[in-house]
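Undergrad: quick one, structure for this:
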Amino acid sequence: MKRLCVLVFSVLAFCMSAALEAKGNAEKGKARAVTKAGNQETCASCHGPDGAKPVAPENPILAGQYGDYIVKALQDYKSGKRKNAVMNGVASELSKQDIEDLAAWFSSQKSSLHFQR
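TA: Residues are numbered from 1 along each chain as shown. Model (predicted):
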């Protein structure tokens, strides 16, 4: 019985993780993360080229973060629900697709946030 429960839980966890993956294009997200758009700084300017090595301790690691978390955080910065002067300005310039693409890129990167398989 215990093995059956573990098997069912594993299958459900796999299905849910696939459903939660970012819907964006990781390559477009990479390009957006490292390419300056107008007067906007790039994500890499503060979070590092792949989001794994922030330039300051107050900047979070984005690499390996859950895609849905990145999407929600960027949407909240864009709407002003989440407050940070730099991020509110950066997010205000992002389209819904930009947000999805960035989430796909950063969530696909290796990180020290959790155990890497």
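Undergrad: any idea how far residue 83 is from residue 52?
TA: For residue 52, the distance to residue 83 equals 25 Å [Cβ to Cβ, to the nearest Å]. Any C-beta I mention is one placed from the backbone N, CA and C, and that applies to glycine too.
Undergrad: who has more neighbours, those two?
TA: residue 52 (17 against 9; other Cβ atoms under 10 Å).
Undergrad: residue contacts, the more buried one?
TA: Counting by Cβ atoms under 8 Å, 6 or more residues apart in numbering, residue 52 touches 61-64, 109-112.
Undergrad: and what of residue 24?
TA: 67, 97, 99-105.
Undergrad: let's have these in CSV, adding distance to residue 47, secondary structure and neighbour count.
TA: What follows is the contacts of residue 24, written out as CSV (distance: Cβ to Cβ, whole Å; DSSP: H, G, I helix; E, B strand; the rest coil; neighbours: other Cβ atoms under 10 Å):
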residue, distance to residue 47, secondary structure, neighbour count
67, 15, helix, 22
97, 20, helix, 14
99, 15, helix, 24
100, 18, helix, 21
101, 15, helix, 24
102, 10, helix, 27
103, 13, helix, 27
104, 15, helix, 22
105, 11, helix, 28
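Undergrad: could I get those as TSV with pLDDT and distance to residue 79?
TA: Formatted as TSV, the contacts of residue 24 follow (pLDDT from 0 to 100; distance: Cβ to Cβ, whole Å):
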residue	pLDDT	distance to residue 79
67	96	19
97	97	17
99	97	12
100	98	16
101	97	19
102	96	16
103	98	16
104	97	21
105	96	22
